[in-house]
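1. return a 3D structure for these sequence lines:
(2 chains)
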Amino acid sequence: MSERAPPPPTYPPSLRKGRGEEPRLAFRFGGTVGKLLGLSTVNLLLTVVTIGVYRFWARVRVRRYLWSHMALGGEPFEYTGSGLELFVGFLIAVFGFIVPLTLGYRFVEFVIQSRAPELESVADAIFFTGFLFLYGVALYRARRFRFSRTLWRGIRFAQSGSSAIYGRKFLAYQLLSIVTLGWFVPEKNLRLWAFAINHSFYGGVPFRFRGAGHELYRPFAVSWFLFLPTLGLSYLWYKAAEFRFVASRTRFQDLRMEFRSSGGQLFRHVALNAVLFIVTLSFGNAFIQRRNARFIAANLRLIGEPDFEAIAQSATAMPGVGEGLAEAFDLGTV
Amino acid sequence: MSVFVGRFFDGRTAAPREVTVRLGRRALELVDVQGAALASWGYQDLRLVAPGSPGLPLRLTSVTSPGARLSVADHRILGPLRQRAPRLGAGGFVVGRVRPRQVVLAAVVVAGFAALLVAAPRLAEPLVALVPLEWEESLGAEVVAELELFGGPCSEPAADAALEALAGKLAAAAESPYRITVHVLDAKFVNALAAPGGHVVLLAGLIEEAESADEVAGVLAHEIGHVVNRHPLEGLVRNLGISLIVESLIGDSASLIELAADLGTVLIEASYSREDEAAADRAAVEILARANFRAGGLASFFERLAAKEGAPERPGLAGYFSTHPPSAERQAAIAARAGQGGDAALGPAEWRALKAICEGRGADS
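-> Next up, the predicted model:
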């Protein structure tokens, strides 16, 4: 007697299709506070015992927790980096950049002070711009590194584009923002978003962003005028509008994104983060990251149906060691 | 239950394949919708990608196909799997692949650090030779300015002139390439220090303790001995190097930048090796001889300090010996070389003026 064919396997569908609605991919964050508490405690103890050397491995463990508990369409993400990569990247950045630059700065400072004191402010200005440029470079490289270590459904994300170009843009736009007393900020943000998103890939398929700054000037103008009276908090209200705008103009294949937090919701979220940070004397950083993950999961979703067959593992080489400059600049909030 | 449903990702595209997962005797069998066998993952090769999250599927992979992923929604598969797969892992996010390149990198880094730590002291000398004189003198001035936290500068015209003349004669005898500048700081410690660039610092406690100008001249000659041998800068570079290496391991970039910027504090903590001290002693005796001063001062100073050492009512004394360790050899060597004859370092009026140099500073005498 032949065996009956096994019943067709069922699996919770990843694309939810409501009646008459388009298919959607939703984010979900499932990590518990208790688990994170255990993880954080062990991290803290080991970091203290190794007088700080462990902090890179600790950061990786938190990232793995956050990534693996964040699911999109029912499938979790995966972080594949290692603590050693971050550590080596840090060393390279410190010994290859930070130390020589700082000593060089001292030397130039001395030469200027003794030979040409009137040039001191010029030298300071040059160093300030150099620092801004490096900061932009560090941001971009950190993003590229994290993308390359992130998998979803086994396929890697990637980011192309030159970090030097990003650094130059970052510097130029920051200076413009200062000179215009902030009026350039929406333009700056959108241009930087555009550069980053248009160089982002998932499995070789590019993301696309198309949007211009002038569309955000109405909410920005309101927040600019209310900036002083609200002690700067009106910027958060503008920021929520910016997130919603950027999401709505981002495309991946035929998918669109939707971000639906209001200014008030963003404000409450950030305010609670700030309280947490102060109350825990910055040790609660991992919990703040968890809150951020949950906030994103609650407010972000993709609309449409991706063509998974067309998303293929890219053969391009991954960046070698980890985001050293960013580690050195302490950009490690995530 | 030995049959589960799952979703298989081959790691080449993001497309999922619905599969039936069966726990075979030696391997996990994956069968697709048509009934065709998709993969067979041996239990010893099976790994959990991450600890399971409630509500999210478990994810498995095999070391034989590390890019592939199997998602199983039903967590009950975990029990039977743990019995069969000894190296399932993922208690703490271990995927079980050790990349050889990383091991080599780690070994290189550790070896590099160890080599640096060992070589750092020896690297100081050639590095110091590269530093221009002017920079060293400016650095030394900065160090002195920082030392003034311990006690303000004492100055009094007659005393200043006497010191300058004395230092000038000793510097000439030493053939010093630096201009020797003597600073007196109003601190109760019995100590003297050579900063880079020819700046020598005497503390008020030492002047108070000295019983003759010859003793002060002896101490000055000793410090000038350090100066002409470039010990201060070498010590600073050596300490800075070691501090940089250690800080880079345990600190963050902010503390590193602070270190590179704040060289003065590094020097204060520097102390010289036995060889350096002995060299400075030899130089001191030669300098005094060439300047035709009496050489007994340093020896008698040492003898007296050694006798008083540990006296509880004079805590300041300990300072000198902590930075100028007085081994028996040093004392013997100095005493042996202490020649006969020579001029007094300062005349009686100058000596009195020097003794009073800090009195103008008032309340904290």
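2. what's near enough to touch the most centrally placed residue in chain A?
-> Against the mean C-alpha coordinate of chain A, by CA atoms, centre = their mean, the closest residue is A:R143 at 6.1 Å. Contact analysis of A:R143 by CB atoms under 8 Å, 6 or more residues apart in numbering or on different chains lists A:Q159, A:A196. Any C-beta I mention is one placed from the backbone N, CA and C, and that applies to glycine too.
3. next one: it from A:I92, what distance?
-> 18 Å (CB to CB, to the nearest Å).
4. check A:I51 too.
-> Relative to A:I92, and taking CB to CB, A:I51 is found at 21 Å.
5. same question for A:V108.
-> Applying CB to CB, one obtains 23 Å for the distance of A:V108 from A:I92.
6. which one of the two is surrounded by more residues?
-> For the pair A:V108 and A:I92, the greater number of neighbours falls to A:I92 (18 against 14), based on other CB atoms under 10 Å in any protein chain shown.
7. ok but the more buried one is inside a strand, no?
-> No: with DSSP: H, G, I helix; E, B strand; the rest coil as the criterion, A:I92 is helix rather than part of a strand.
8. report pLDDT for it.
-> Per-residue confidence for A:I92 comes out at a pLDDT of 74.
9. what does the one 3 residues further on give?
-> pLDDT, A:F95: 71.
10. residue boundaries of the helices in the stretch 101-250 of chain A?
-> Assigned by DSSP state H, counting those that start in this stretch, the helices in the stretch 101-250 of chain A fall at A:120-148, A:163-179, A:185-198, A:217-225, A:234-248.
11. save those as CSV, and put in distance to A:R260 and mean pLDDT too.
-> Below are the helices of the stretch 101-250 of chain A laid out as CSV (distance: least, CB to CB, whole Å; pLDDT from 0 to 100):
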stretch, distance to A:R260, mean pLDDT
helix A:120-148, 24, 87
helix A:163-179, 28, 94
helix A:185-198, 18, 94
helix A:217-225, 15, 90
helix A:234-248, 7, 92
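12. make a markdown table from those helices and add distance to B:V219 to it.
-> Putting the helices of the stretch 101-250 of chain A into a markdown table (distance: least, CB to CB, whole Å) gives the following:
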| stretch | distance to B:V219 |
| --- | --- |
| helix A:120-148 | 38 |
| helix A:163-179 | 54 |
| helix A:185-198 | 62 |
| helix A:217-225 | 67 |
| helix A:234-248 | 63 |
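13. so which of the ones you listed is nearest B:R230?
-> helix A:120-148 (28.9 Å; CB to CB).
14. quick check: angle from that closest one to helix A:163-179?
-> 130 degrees (axes from the mean of the first three to the mean of the last three CA atoms, to 10 degrees).
15. quick one: helix A:120-148 to chain centroid distance?
-> Between the centre of helix A:120-148 and the centre of its host chain there is 16 Å, according to CA atoms, centre = their mean, to the nearest Å.
16. need the contact list for B:P16.
-> A:R153, A:F308, B:R7, B:F8, B:F9, B:S71.
17. B:S138: which of those residues is nearest?
-> Of the contacts of B:P16, the one sitting nearest to B:S138 (CB to CB) turns out to be A:R153, at 61.3 Å.
18. can you list phi and psi of that closest one for me?
-> Note on A:R153: its backbone torsions stand at phi 60, psi 30 [degrees, to the nearest 10].
19. ok so, going back, ok, now how distant is the residue nearest to the centre of chain A from chain B?
-> Separation of A:R143 from chain B (CB to the nearest CB, to the nearest Å): 19 Å.
20. and what of A:L66?
-> Here A:L66 is placed at a distance of 11 Å from chain B (CB to the nearest CB).
21. wait, that residue sits on A:I288?
-> No: here A:L66 does not reach A:I288: they are 11.1 Å apart, not a contact under CB atoms under 8 Å.
22. how many residues are close by B:A119?
-> Here the neighbour count serves as a burial measure; for B:A119 (other CB under 10 Å) it reads 11.
23. please disregard the earlier target; I meant A:W67.
-> By other CB under 10 Å, 24 other residues sit near A:W67.
24. where does pLDDT dip in the stretch 201-350 of chain B?
-> For the stretch 201-350 of chain B, the stretches with pLDDT under 70 are B:241-242, B:244-272, B:306, B:308-334, B:336-341.
25. burial count for the closest residue to A:W183 other than its chain neighbours?
-> In space, and not counting its chain neighbours, A:W183 is closest to A:W224: 7.0 Å by CB to CB, 6 or more residues apart in numbering or on different chains. A count of nearby residues for A:W224, using other CB under 10 Å, gives 18.
26. ok, A:W224 to chain B distance?
-> When CB to the nearest CB is applied, the distance between A:W224 and chain B equals 32 Å.
27. number of residues surrounding the nearest residue to A:N198 once chain neighbours are set aside?
-> The spatially closest residue to A:N198, leaving aside those adjacent along the chain, is A:F209, at 5.7 Å (CB to CB, 6+ apart). Under the neighbour criterion other CB under 10 Å, A:F209 is assigned a count of 18.
28. can you tell me which of the contacts of B:P16 end up in helices?
-> When DSSP state H is applied, those are split such that none fall in helices.
29. for B:A192, give me phi and psi.
-> The phi and psi torsions at B:A192 (degrees, to the nearest 10) take the values phi -140, psi 150.
30. read off the pLDDT value for it.
-> Per-residue confidence for B:A192 comes out at a pLDDT of 86.
31. over to A:V111?
-> Per-residue confidence at A:V111 stands at 71 (pLDDT).
32. likewise for A:W183?
-> For A:W183, pLDDT reads 91.
33. any idea how far it is from chain B?
-> Noted for A:W183: a distance of 32 Å to chain B, by CB to the nearest CB.
34. number of residues surrounding that residue?
-> Under the neighbour criterion other CB under 10 Å, A:W183 is assigned a count of 15.
35. name the element the residue positioned nearest the centre of chain B belongs to?
-> Here the mean C-alpha position of chain B is nearest to the C-alpha of B:S243 (CA atoms, centre = their mean), at a distance of 2.1 Å. In this assignment (DSSP states H and E), B:S243 forms part of helix B:231-250.
36. check B:R47 too.
-> For B:R47, the host element (DSSP H and E) is strand B:46-48.
37. likewise for B:P126?
-> B:P126 is located in helix B:100-129, with elements delineated by DSSP H and E.
38. what is the mean pLDDT for that helix?
-> Averaging pLDDT along helix B:100-129 yields 70.
39. cool, thanks, signing off.
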